[in-house]
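Chemist: coordinates for the following, if possible.
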Amino acid sequence: MLMSFAAFSLITGALSPVALVMVLDAPGPGEPGAARSHQIILVVHTIIIAFAGITAHRRFYPVLAASSENPAAAPRVFLAWLAGNLFVGAQLSWNLRPFFGQPGKDVQFFRPDWNQSNFYEAFYAHSQSLLAPLQHSRPAVAAMLVVCFCAAFAWLTIHCRAKRFNR
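Modeler: As a prediction, this is how the structure comes out:
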C-alpha cells in the first residue's frame, strides 16, 4: 500500500506544473472571469488527483492478485479499496477547502459554513456550470457519461493488468 501512495506522490508531482501554469494564468480575485477560472481549476485539480489515485492503485493490482487465494476476489477487493480511497479522499479534501480558497471569501481556517455541503454537491454544481453551454442536454446524460468513462477505465485497467500478469 505504501507503494501506491509513493506512486501517487510521483504522479501528482509530475502533473503539478500543469496545475501551476493554470493557476498562474488565471485572473486574479475580483477580475472578470475569476469565478469561472476558479471552477475550471477546481475541476482540473480533482481530475488530476483522481487520475493519480487510480493509476497509483492500479500499479498495486498485480501484487494483490498474486497474494489472493481466490482469483475472483482480487478485482473485487481492488475496486472496493479504490472506491473507499476515492470517497474518503474527496470528502477529506473538501473539509480542508479553506486552504484552497473561494472567490469572494476571505481565507479562514474555520468558516461558519464548513459543514453545510459536501464534495459531491460542489463538484456537481461546478461541473454543471462548466457544462452550461450544453444546456440542451440533461445533467443526467453528462453524469452517465462520466460514470461510463470511469467504469470503462477501471475495467480496461484491470483487464489489461490481469492479461499482462497471467502471461
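Chemist: could you use CA atoms for every contact and neighbour count after this?
Modeler: Noted.
Chemist: list the buried residues of the strand or helix carrying Val43.
Modeler: Here Val43, judged by DSSP states H and E, is contained in helix 34-67. Residues of helix 34-67 classed as buried: 34-43, 45, 48-50, 52-62, 64-65 (neighbour count, 16 or more other CA atoms under 10 Å).
Chemist: for stretch 6-13, which positions count as buried?
Modeler: Going by 16+ other CA under 10 Å, stretch 6-13 has these buried residues: Ala7, Phe8, Ser9, Ile11, Thr12.
Chemist: quick one: average pLDDT of the helix holding Val43?
Modeler: Per-residue pLDDT over helix 34-67 has a mean of 82.
Chemist: on that earlier part again, for the buried residues of stretch 6-13, give me CSV that also has pLDDT, secondary structure and distance to Val77.
Modeler: Formatted as CSV, those follow (pLDDT from 0 to 100; DSSP: H, G, I helix; E, B strand; the rest coil; distance: CA to CA, whole Å):
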residue, pLDDT, secondary structure, distance to Val77
Ala7, 87, helix, 19
Phe8, 86, helix, 19
Ser9, 89, helix, 22
Ile11, 89, helix, 23
Thr12, 88, helix, 24
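Chemist: ok, those residues vs Gln116, which is closest?
Modeler: For the buried residues of stretch 6-13, the closest approach to Gln116 (CA to CA) belongs to Thr12, at 28.9 Å.
Chemist: tell me the contacts of the most centrally placed residue in the chain?
Modeler: Nearest to the geometric centre of the chain sits Ala50, at 2.9 Å (CA atoms, centre = their mean). Contacts for Ala50 (CA atoms under 8 Å, 6 or more residues apart in numbering) come out as Leu86.
Chemist: where's it relative to Arg58, distance?
Modeler: 12 Å (CA to CA, to the nearest Å).
Chemist: output the below-cut-off pLDDT ranges for the protein.
Modeler: 1, 96-111, 113-115, 131-146, 159-167 (pLDDT under 70).
Chemist: all helices of it, in order?
Modeler: Secondary structure of the chain (DSSP state H): helices at 2-25, 34-67, 73-95, 119-130, 139-166.
Chemist: on that earlier part again, save the buried residues of stretch 6-13 as a markdown table, and put in distance to Glu69 too.
Modeler: Shown next, in a markdown table, are the buried residues of stretch 6-13 (distance: CA to CA, whole Å):
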| residue | distance to Glu69 |
| --- | --- |
| Ala7 | 26 |
| Phe8 | 27 |
| Ser9 | 30 |
| Ile11 | 31 |
| Thr12 | 33 |
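Chemist: just give me the closest of the residues you listed to Ala26.
Modeler: Thr12 (20.1 Å).
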